[in-house]
Each structure stands twice: as structure tokens, then as C-alpha cells.
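Chemist: just coords:
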């Protein structure tokens, strides 16, 4: 980091010693997982810088907003309509939740056999080691998964936590419920800024996030839609998807577009980060919060490359925009927002057939070579849904590997062995030599 | 069983050989767990008989109903309004789901790390060894837990499965959603009988189930509200709670009341099934479907006695009646039904504080000596909620033991050791000698 942020951490009531331990631990992984990669796009420098300042400069920026009375909202789910927060000139960001570092502290209060994301995030609050959590006026939880839903009740005892009710189906009556929830959310944000959002403000919030999503859609296409060239590693792609939940949205959009310009040049010049015939893998399933880079690191140090994350930190987050074209008033914008959010194909919905059709379409469009179905341990919705997804993929003759894992490094060897066998079988099928590393 | 039901099983498309294996396995447990108990009330003979014919005579009765065009509905949750089915002269029953016997077959399709109840029930359908599942026109699933919610999608491929949307909160807007769901359910049942239910029919359905619940409330009080006398074992109490989901409701009501008459005599004469000072334990948490008698068996062969199950198979099922007194039409009845169902304090709701208040009230009223918080493995909602419950119980100085288990017998020794220590500590606290067995 560029300077000593101790006074800032003190202001945030953080456990500074413990936080130093965390930074030291992360400081070892990043160079190993990221900086050792060869032939990275130059524009990745910005994202490396963001990561180096993710507990520093960005927190300073957020605290400036806070001092101006702008809302800071921490979330764990792409269902929370950030457009409203951004419209109020506030900031919406993901909370720390991708590290094993905080899990033991969470397990004093939470069962061990729930998803590591929830335990990690809760543990960060218990430890007071996440500046995002500490800085947030409140956390906006939701009911997309039951372990989260019940954890909010416990978290609320140590940090103000509000809960949005995400319905479990998508019929007209559930849309009404969800509509009422996003109106309530808007009211809550307005209560913080002390007035109603104007049409222009809300529209601006939507447009900022639309542009961000467009940049991410552009990156997604450059990563996967050119079968001859993979201009950026999956690890770097994942990193950008992760940073999208922390960085200032307008700056982030600009930087992603600059990266995309460079990637377009690479595609034109056939500059690939991997050799020809490297198996091109789509990862589908649950989100990978930073620093959860384990699977990508394994795949990309075992002779494969990841071209897409069909996950909430990934494609599910940026795939749909909000159409503001014909909107004439706030209610019109809210209606379009409702439509957009109802397209999220989270496994929390029943049924959720659209997700499977989409995965197959994505796979074919990208001429991918195989799919890894990744779930965080104990994620019931994605775990059970994998049966239907995998049945359909197998019927399409798509190579598929199922991996369930948590944040520990203990299963890396075992996963590597399975990934290696999977990549080899893909190469065999394609009748090319498996290169490995 | 009183006769050979092979033709019936053939009619139901069952795997007869596999089903014989199941019956043989269950046939060993019941005498060991139930018939060896001493000093059982005479009226338990009826319930022993029901258990012996649970895959026999009762199925015959159901098939007679079916032949008359009456709906047979299998369920897994006390949210499905059976009053409507009974009003249509149909039958609503629980599906087999308490045995390890079918789990390996389920685990081919479902993750291993979900609740054994769901795996067991799904496995019974895959095996075609549950006559209740086979007989049912359809299964009514719901969204009270996400592993179930997603499993219905898979189950629907092999058996007609409908899903009711249980909301996750209890505000006015969620009540509207739930109201619409029970109206839709009524319409579905009416589509089977080919006409609308009359006011009298619906009222009759409600009254039949009200009487059943009143009998069970009466039994609940006799089990726990007389600190000097425990007139019936917890195992027998649990058995009756389990049978309540299978037996004909009117006959069951009569037989429970006959048992209660006998228990009242026992209380008058101080006839207890356990010695004085035996620790009186409340069990709270997730349901125990037959033949899941493990915890009760351990506690009651280790020197304790169970006086209550705060679970869906138990108190949560029968605690609230539907007030039909002022109802003048079908809509009035539906409104009262809505109110009753919204009182169910399932851990799927957030928040669910009422459950904790209720548990403490029940404990004090019964002058119980300790509580076992029982969860089926991987039940996120009850597992996470246990933190708040246990915090409150500890603040009240109530002895509490937390047990999470599945249907295997492998952890019996370990649970017995923990139960023994728990009961001893209670006896020590009460300053009485721990008797054990």
C-alpha cells in the first residue's frame, strides 16, 4: 500500500494487529497467483494497483463519501439494486468474504457445515478486519440462501443489517412482492440522504451501472468469443469480476474499456496467453470472492484456461442491462429495474430452467471445450441444481467436471489431479496433444 | 402384517423384493425399540397395530378412497393445508422419509451433504418402496427449505410434484402471497374432485383436523405438565406424533383420546413410566420421521425421559387450531386458515423470535430439566437458528445439549456418551442421584 492507513483503521474501529496478519497472508498469495503470470495485458497494472490499495485508498474514498452524508451499503448478493445507491451518489460494495482467515472466528457462532462465503464474511465482522464492513452504514442482506438468511439475524446483533425478501419463484405474484421490496429499498436509501431521489438521479445511477455492465460484457466476449485467441488469463478475468464489486463504478468502467481496447489489439494480432489447443474451460456455479482464486490457479497451472465465470461474481452480474429508453418517470425506471432483476437466474429460484438453456448457449457460442461446475461447500441450491444441469450437459455431449470446495488449501492436490484428468480427456477427445505444465 | 399385500404392491408399481428387505429391516428395530419398553399404557396396542399395518391395511384404505376419485396427497411439510384435502374427503399424509435404507439410492442424484429426510424420501421414490408415495396422485412440495425446494424439480421428473411458495417473512405482503397460494391449492384439489368445495365441506375438514389437534394438545399436556408423573414414554409420544401423519384422522383422534383417558388415570394414581427424579427433557428442532427413534431411544435408555417434541412432527404441528366460530362463508374459513398457518414458527422465517419465547414458556410450564436441540445434519435453518435459541436458553440458565445427526446408527455410541454426561450434570444440578440404566 502507498501509505500507512493505521489512523483510518482506527477510525473504523478495526482490530489493527489482526488486520496486519490478514494483509501479510494476502500479500504472499497475490504475487504467487497473479504477478508470476506471463504475458499479461499492460492494462492489468491498474487492477493490480487496485488490489494493492483495496484496503487503503479505496477505503479513503468511501470515507470521504460517508463524511458528505452519502450512503455506504455493504452487500453479499447481486439482487441488491445498486443503481438506487449510486443514484443517491452513495457506494454499494461487496463485503470481505473470500478468505479462510476469518472462518475459525465465525465457527464459534455459526455451524461449520454452511458455505464458507457466509462464515468468512461473518467472521470478518467478528474480527473487525474488513474495512468495507466497518465503513458501511448498514449491510443489505437478502433471502437468496437460507444460511445467509438466518445469519443476518445474528449479524444484526453486531452490525445494522436489513434484509430484502427475494422471492423463490418468478410468477406475477412474486414479481409484485419483489417490486414492493425494491420500492422499500429505495425508501430506505432516501431516508439516509433525507429526500426523495429525482428521476434524473435514478436514471443516472442506472446509466452508470449499465455502462459498467456493458464494459464487462465487452470483456466477457473478448475473453471467450474468439476460439483462436485467449487474450487474457481466466485468473485476470476473475480478478476484474471481483474488483467490480469494490471499485468506483465510473473509473472501473473506463479502465475495463481501456483493457478491452488492448485485448482487441491482441486478438487482431493473435496474441494469446496460452498455446494453441489449450482446453478452453467455462466455470459455472457459485461466486468466488477474493482471494478465492484456487480453482482458476489450478486449471491455469495444469494446462487449461478459463474463459468465463457463469456466476454472481461474473456473467450473472453483468449479463442484463436496464432499459431506460422509454422511461418518463421514476415509476417507469423502477418497473424496468424490476424486469432486469427478475432475469437473474440464481439457483434460489424454482424452477430455474432458463439457466441451463443459457449455459448451453454460452458454451456453443464460445466453442468451449469443457465445463467445470463449481460449488462452494454446502451450497444446497447450486449443489442440488447441478443434477439437472449436468444431465442436460451430458445429453449435449459436453465434458463436465463437478467440483465442490471451500477456502482451505488442503484439497488443492486432489482438485489438481481431477482437473488434470479432465483436461487430458478433453485433449484426447479433440485429438490434440495435452500439454499440461 | 395381517395378510399378504403383494397384489396391492404390484398394483402400486412397487419393487416388491426391495420392499421386503425394507420391512425385514424395520421388523427388527420396532420390537427392540418399542415392545421391550416396560409399563406401557394399554392403549398403545392400537398404535403398535397401526405401525404393523402402516404399509398394509392403511394403504388398502387409501386405495379405496382413490378408487372413489378422492385425492391422495403426499407431503413433507406441515404448511400444506390438509384441511382442504380432508374437506374433499381425500387423504393427506407424510411420505416415507425417516430411514437410511433408501439414502444410497438418492445419493446417485442428490448431494450427500443435504438433510437425510430429503435424501431418504427421494430415495424411496427412486426405489419404489414407499406405498404412500406410490399411491399419491401427486406430491405437494413447498419452499420451506432450499434443499427440498430444489429436489422437487428432480422428483417431478419421476412423480407429479407441485410446489407451494412458503414466504420467508410474515409481513402483510407475505401474507397476501401465502393467501394466494392456499387459494391456488384449494383450486387444485377442486380440479381433482371436479367441483368447488362447499362451505360445509371445508368447515368439516377444518373441524376434523381441529379435533385431531385438540387430542394431540391433550396428550402433550399429559406427557409434560405433571412434574411428578410421566405417564408415557417419550418414544411412545413420538410414535403417536409420527402416526398422526399417516392414520385416518377421525379414528386417530378417537384413539388418542382413549389413550389420554388412560393417562389421566395414571396421573391420578401416580403411575409413572420412569423413577422419581428422572431428568425430564424437551427435544426441540427438526422433525423425526419414522423410524427415526434414535435420540429418544438413547435418552430413554440412558436415564432420561422426553416429555415433548418442539418440532414439525410434534408440537409445531398441533399447537394452533383454526377458529371457525364466526365464519359465514368459504372466504371467512380461508382467512382463518391463513391466520393459523402464519403462526407456524418454522426456522425458515426471518426473523423467528416467537419460537424462542415459546420454547422458554413451554420449558417453564413443564418444569422441565433440560433441552436437547436436535437438528438433522445439514439443516441450515435450524442449525443457524440454534445460536440465537441457545444464547437465550443459556441466559435463562436452562441446561442445553446440541445434537446434529443423520439416520445412520454409527454415531449412537458418541451421542449416548454426550447424553449421559448431560443427564448427569442435570442430576447434579438438581442435587439428586443420577440413576442411569
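Modeler: Thanks, I have it. These numbers come from a predicted model, not from an experiment.

Chemist: Enumerate the residues of the stretch 101-250 of chain A near chain B.
Modeler: Within reach of chain B by CB under 8 Å from any CB of the partner chain, the stretch 101-250 of chain A has these residues: A:109-111, A:113-114, A:143, A:145-147, A:149-154, A:163, A:165, A:167-169, A:173-174, A:176-177, A:180. Placement of C-beta: from N, CA and C, glycine included.

Chemist: Could you identify the buried members of those residues?
Modeler: Neighbour-count burial (16 or more other CB atoms under 10 Å in any protein chain shown) applied to these gives A:109-111, A:113-114, A:143, A:145-147, A:149-154, A:163, A:165, A:167-169, A:173-174, A:176-177.

Chemist: among those residues, which are in helices?
Modeler: Among those, the ones falling in helices (DSSP state H) are A:146-147, A:149-154, A:173-174, A:176-177.

Chemist: Let me have those residues in JSON lines, extended by pLDDT.
Modeler: Listed next are those as JSON lines, based on pLDDT from 0 to 100:
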{"residue": "A:146", "pLDDT": "97"}
{"residue": "A:147", "pLDDT": "97"}
{"residue": "A:149", "pLDDT": "98"}
{"residue": "A:150", "pLDDT": "98"}
{"residue": "A:151", "pLDDT": "98"}
{"residue": "A:152", "pLDDT": "97"}
{"residue": "A:153", "pLDDT": "98"}
{"residue": "A:154", "pLDDT": "98"}
{"residue": "A:173", "pLDDT": "95"}
{"residue": "A:174", "pLDDT": "96"}
{"residue": "A:176", "pLDDT": "95"}
{"residue": "A:177", "pLDDT": "96"}
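
Chemist: Doesn't residue A:298 lie inside a strand?
Modeler: No - counting by DSSP: H, G, I helix; E, B strand; the rest coil, one finds residue A:298 to be helix, located in no strand.

Chemist: Please determine how far it is located from residue A:415.
Modeler: According to CB to CB, to the nearest Å, residue A:298 and residue A:415 sit 5 Å apart.

Chemist: now the residue nearest to residue A:136 when sequence neighbours are not counted, which residues is it bridged with?
Modeler: Nearest in space to residue A:136, with sequence neighbours left out and distances taken as CB to CB, 6 or more residues apart in numbering or on different chains, is residue A:74 at 3.7 Å. Beta bridges link residue A:74 to residue A:93, residue A:139 when assigned by DSSP bridges.

Chemist: For residue A:74, give its distance to residue A:162.
Modeler: Distance from residue A:74 to residue A:162, by CB to CB: 11 Å.

Chemist: Ok, residue A:50 next?
Modeler: As defined by CB to CB, residue A:50 lies at a distance of 28 Å from residue A:162.

Chemist: what does residue A:5 give?
Modeler: 28 Å.

Chemist: Residue A:242 now?
Modeler: For residue A:242 relative to residue A:162 (CB to CB), the value is 24 Å.

Chemist: and these two? which has more neighbours close in?
Modeler: Using other CB atoms under 10 Å in any protein chain shown, the more surrounded residue of residue A:242 and residue A:162 is residue A:242, with 26 against 16.

Chemist: Let me know the helix or strand that the more buried one is in.
Modeler: Residue A:242 is part of helix A:234-243, with elements assigned from DSSP states H and E.

Chemist: So, low pLDDT: which residues of chain A?
Modeler: For chain A, applying pLDDT under 70 flags the ranges A:437.

Chemist: Can you show me the strands along it?
Modeler: Secondary structure of chain A (DSSP state E): strands at A:72-75, A:91-94, A:138-142, A:161-164, A:280-285, A:305-310, A:370-376, A:400-405.

Chemist: so what secondary structure elements neighbour the third one?
Modeler: Pointing back at strand A:138-142 there. In terms of contacts (3 or more CB pairs under 8 Å, 6 or more residues apart in numbering or on different chains; DSSP states H and E), strand A:138-142 is packed against strand A:72-75, helix A:146-155, strand A:161-164.

Chemist: Find the nearest non-adjacent residue to the residue of the stretch 101-250 of chain A found nearest chain B, please.
Modeler: When scored by CB to the nearest CB, the stretch 101-250 of chain A has residue A:150 as its residue closest to chain B, at 3.6 Å. On the basis of CB to CB, 6+ apart, the spatially nearest residue to residue A:150 that is not a chain neighbour turns out to be residue B:384, at 3.6 Å.

Chemist: how far away is the one you found from residue A:152?
Modeler: From residue B:384 over to residue A:152 (counting by CB to CB), the distance is 10 Å.

Chemist: thinking again about what came up before, could you verify my assumption that the residue of the stretch 101-250 of chain A closest to chain B touches residue B:350?
Modeler: Yes - here residue A:150 lies in contact with residue B:350, judged by CB atoms under 8 Å, at a distance of 6.5 Å.

Chemist: buried ones in the longest helix seen in chain A?
Modeler: Scanning chain A for the longest helix, with DSSP H as the assignment, gives helix A:199-224. Neighbour-count burial for helix A:199-224, counted by 16+ other CB under 10 Å, picks out A:201-213, A:215-220, A:222-224.

Chemist: Kindly report the same for stretch A:385-392.
Modeler: Residues of stretch A:385-392 classed as buried: A:385-390, A:392 (neighbour count, 16+ other CB under 10 Å).

Chemist: Neighbours of whatever residue of the stretch 301-437 of chain A ends up closest to chain B, how many?
Modeler: Here the stretch 301-437 of chain A gets closest to chain B at one residue, residue A:384, 3.6 Å apart by CB to the nearest CB. Burial of residue A:384 is recorded as 25 neighbouring residues (other CB under 10 Å).

Chemist: repeat for residue A:432
Modeler: 14.

Chemist: residue contacts, the closest residue to it other than its chain neighbours?
Modeler: Among residues not flanking residue A:432 along the chain, residue A:277 sits closest, at 4.1 Å (CB to CB, 6+ apart). By CB atoms under 8 Å, 6 or more residues apart in numbering or on different chains, residue A:277 lies in contact with A:427, A:430, A:432-433, A:435.

Chemist: for residue A:416, same thing?
Modeler: Residue A:416 makes contact with A:298, A:302, according to CB under 8 Å, 6+ apart.

Chemist: go on, residue A:136?
Modeler: Contacts of residue A:136 (CB under 8 Å, 6+ apart): A:72-74, A:93, A:95, A:159.

Chemist: One more: residue A:284?
Modeler: Per CB under 8 Å, 6+ apart, neighbours of residue A:284: A:309-311, A:359, A:371-374, A:389.

Chemist: and if you look at residue A:12?
Modeler: Counting by CB under 8 Å, 6+ apart, residue A:12 has contacts A:59, A:63, A:131, A:134-135.

Chemist: So of those, which two are at opposite extremes in space?
Modeler: Distance extremes for these: the farthest pair is A:63 and A:134 at 10.1 Å, using CB to CB.

Chemist: out of those two, which sits in the busier spot?
Modeler: Legend: neighbour count by other CB under 10 Å for residue A:63 and residue A:134, higher for residue A:134 (23 against 16).

Chemist: where's the nearest residue to residue A:286 once chain neighbours are set aside relative to residue B:199, distance?
Modeler: Nearest residue to residue A:286 in three dimensions, chain neighbours excluded: residue A:376, at 4.6 Å (CB to CB, 6+ apart). Distance, residue A:376 to residue B:199, by CB to CB: 51 Å.

Chemist: Then residue A:387?
Modeler: Counting by CB to CB, the gap from residue A:387 to residue B:199 is 44 Å.

Chemist: swap in residue A:389?
Modeler: 47 Å.
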